[in-house]
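Asks: this one's sequence-less:
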């Protein structure tokens, strides 16, 4: 049964953008929305995750949990979804953030 997914992918190769637009609508640059089966979703995500070495990618799809969705992330500069008592929160990676220094 198809379900709606949203993929945001930055700095991915053009061939992958073309593959994503075969299955999903590119509603704004690098943001894809559509309804696909779980198998197609997983295959698309495998391709995206394998091609985002310098970029980031996020997949949001329906899930049977309190929030009604789950997140997957990929890429070197990604933010990590963290389970906090059944709620998904986003963790920033401090080691990669720039720290402001006082003047």
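Replies: Good, I have the coordinates. Treat the numbers as computed from the prediction; the structure is a model and nothing was measured.
Asks: and the residue nearest the centre of the chain, what does it touch?
Replies: When C-alpha atoms, centre = their mean is applied to the chain, the residue found nearest the centroid is residue 58 (1.0 Å). Neighbouring residues of residue 58 by C-beta atoms under 8 Å, 6 or more residues apart in numbering: 6, 7, 8, 9, 71, 72, 73, 78. For glycine as for every other residue, the C-beta is placed from the backbone atoms N, C-alpha and C.
Asks: and the residues you listed, which is closest to residue 65?
Replies: Among the contacts of residue 58, residue 71 lies closest to residue 65 (C-beta to C-beta), at 10.9 Å.
Asks: which residue sits closest to that closest one in space, ignoring its chain neighbours?
Replies: Nearest residue to residue 71 in three dimensions, chain neighbours excluded: residue 81, at 4.3 Å (C-beta to C-beta, 6 or more residues apart in numbering).
Asks: that neighbour: helix or strand, and which one exactly?
Replies: Assigned by DSSP states H and E, residue 81 belongs to strand 80-84.
Asks: ok, that strand: who's next to it in the sheet?
Replies: strand 87-91 (antiparallel) (DSSP bridges).
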